[in-house]
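Peer 1: The following block contains a protein sequence and its predicted model.
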Amino acid sequence: MSVLLEFAMFPTDKGESVSEYVGRILKVIDEEGHPYTLTAMGTIIEVQSLDDALKIVEKAYRQLEKDCNRVYSTIKLDIRKGSVGRLKQKIVSVEKKVGKKLSS
């Protein structure tokens, strides 16, 4: 099974720049050891189960709750049985269809 988790999480009570807090979350993701891609609007992670995905979201929140009074998050899940390596394969598939490289 492959679960692609796309999520963004940040405090709303810490001003305009929240990169310090996003950095805390990325440290959690790094420690988990799953492949991921950071984008300008969130992070996409590939894990093996829904439980793994939700654990990452909870651990990310725990990093912020200690000194943030309000946390905003968006979460999207793409769950597919019998498939792995989709974090990159989905992009490659589209690139083949459009005839050019779209990712960096």
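Peer 2: Received it, and whenever you're ready, just let me know what you need. Here the structure is a predicted model, which is why all the values come from computation and not from measurement.

Peer 1: May I ask which helix or strand encompasses residue 75?
Peer 2: With secondary structure defined by DSSP states H and E, residue 75 is part of strand 71-80.

Peer 1: I'd like the next helix or strand past that strand.
Peer 2: Once the chain leaves strand 71-80, the next helix or strand it forms, by DSSP H and E, is helix 86-98.

Peer 1: one step back: show me what the strand holding residue 75 is packed up against.
Peer 2: In terms of contact count using 3 or more Cβ pairs under 8 Å, 6 or more residues apart in numbering; DSSP states H and E, strand 71-80 is assigned the packing partners strand 2-11, helix 50-65. The way it works is simple: take the backbone N, C-alpha and C, and place the C-beta from them, glycine included.

Peer 1: which of these sits most buried?
Peer 2: By mean neighbour count, with neighbours taken as mean count of other Cβ atoms under 10 Å, strand 2-11 ranks first of these at a mean of 19.

Peer 1: Indicate each strand paired with that one and its parallel or antiparallel sense.
Peer 2: Strand 2-11 pairs in its sheet with strand 42-47 (antiparallel), strand 71-80 (antiparallel), by DSSP bridges.

Peer 1: Contacts for that strand, please.
Peer 2: The set of residues external to strand 2-11 that reach it, using Cβ atoms under 8 Å, 6 or more residues apart in numbering, is 18, 21-22, 25, 41-50, 52-53, 56-57, 60-61, 64, 68-80, 83-87, 90.
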